[in-house]
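Participant: Sequence first, then the predicted structure:
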Amino acid sequence: MNAPKPSLVDRAYHELQDRILYCKWGEGFHALERDVVEELGLSRTTVRQALDRLQGDGLIKLVPRHGFHVLPVSRIDLQETYQVFTRLESLAVDLASARSVPDDELAALDSLNEAMDSAYGRADYGAWIRVDEGFHNQLVAVSGNQALVDIHRRFWAQLQRARLKMLSLTSIPAESTGQHERIVTAIRARDRAAAREALEGHFAHIVDYLARMPAPCFDMLESFSREHHDECRG
């Protein structure tokens, strides 16, 4: 059976979401609803529904009669989101380790991790960030819990803009593939405690880094993320 075609609202939502997540529309960007309607060639109702969803995601703020503006990502916001993310993925690896995950699903994780290593080796950070997203989505998918997959997807949108900022200053790309390998090895061995420990360790150094980073330093990275939005979108 073919997958249902996305609705016009879905298309508008994903188009506008990409502009925000990959920093084409940076923090504080302002636009009028009618300008977006004209640019996308869609109805005002369709665009409004897409904007409502983006506001629900915490990405924009709608202002009556004044359009909308893109909300900033603060260091504290990101710390809190990573804390939630750690719990979500910890639950995911725990569930995955408790079930018999098909070999092809685990092989997909291995392949994605290898692709990340390759992207990092050729300094293609746009590819790296896209493949890393694929790895984490697949990691949650092997839990077999669709509700968890849906919640995880929503929180991922909160992280995407700031992750691009982080890549310019941290050793996250260099360390991630080894950490990913430990997580997958533990799931394959059905070792729930080791899987949780590996996952929590993977995120712990990021949360610690954010806690030690002065807020002005984090805010200065907005210019870097804008410069690289095209390569990260792919």
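Facilitator: Everything's here; your move.

Participant: check contacts around Asp117.
Facilitator: Counting by Cβ atoms under 8 Å, 6 or more residues apart in numbering, Asp117 touches Thr177. For glycine as for every other residue, the C-beta is placed from the backbone atoms N, C-alpha and C.

Participant: Using the three-state scheme, assign Tyr82.
Facilitator: Per DSSP: H, G, I helix; E, B strand; the rest coil, the secondary structure class of Tyr82 is helix.

Participant: Now it: closest residue in space that isn't a chain neighbour?
Facilitator: Counting by Cβ to Cβ, 6 or more residues apart in numbering, Val207 is the residue found nearest to Tyr82 once chain neighbours are left out, at 5.1 Å.

Participant: Now do the helices in this protein.
Facilitator: In the chain, the helices defined using DSSP state H lie at 8-21, 33-40, 44-56, 75-98, 103-121, 125-141, 146-167, 172-188, 192-212, 215-220, 222-227, 229-233.

Participant: Would you tell me which of those gets closest to Gly67?
Facilitator: Closest approach to Gly67 among the helices of the chain is made by helix 33-40 (5.5 Å; Cβ to Cβ).

Participant: The closest one - contacts with which helices or strands?
Facilitator: When contacts are defined as 3 or more Cβ pairs under 8 Å, 6 or more residues apart in numbering; DSSP states H and E, helix 33-40 packs onto helix 8-21, helix 44-56.

Participant: Just send the ones you listed back as CSV, with mean neighbour count and mean pLDDT too.
Facilitator: Shown next, in CSV, are the helices and strands packed on helix 33-40 (neighbours: other Cβ atoms under 10 Å; pLDDT from 0 to 100):
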stretch, mean neighbour count, mean pLDDT
helix 8-21, 19, 90
helix 44-56, 17, 95
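
Participant: Make CSV from the helices of the chain and add distance to Val63 to it.
Facilitator: As requested, those are exported to CSV (distance: least, Cβ to Cβ, whole Å):
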stretch, distance to Val63
helix 8-21, 16
helix 33-40, 10
helix 44-56, 10
helix 75-98, 20
helix 103-121, 39
helix 125-141, 30
helix 146-167, 20
helix 172-188, 35
helix 192-212, 29
helix 215-220, 22
helix 222-227, 21
helix 229-233, 24
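
Participant: What is the burial count for Glu200?
Facilitator: Using other Cβ atoms under 10 Å, Glu200 has 16 neighbouring residues.

Participant: which residues does it contact?
Facilitator: By Cβ under 8 Å, 6+ apart, the residues touching Glu200 are 86, 90.

Participant: and the gap between the residue sitting nearest the centre point of the chain and Tyr82?
Facilitator: A centroid search over the chain (Cα atoms, centre = their mean) returns Trp156, at 3.5 Å, as the residue closest to the centre. For Trp156, the distance to Tyr82 equals 11 Å [Cβ to Cβ, to the nearest Å].

Participant: All good on my end, thank you.
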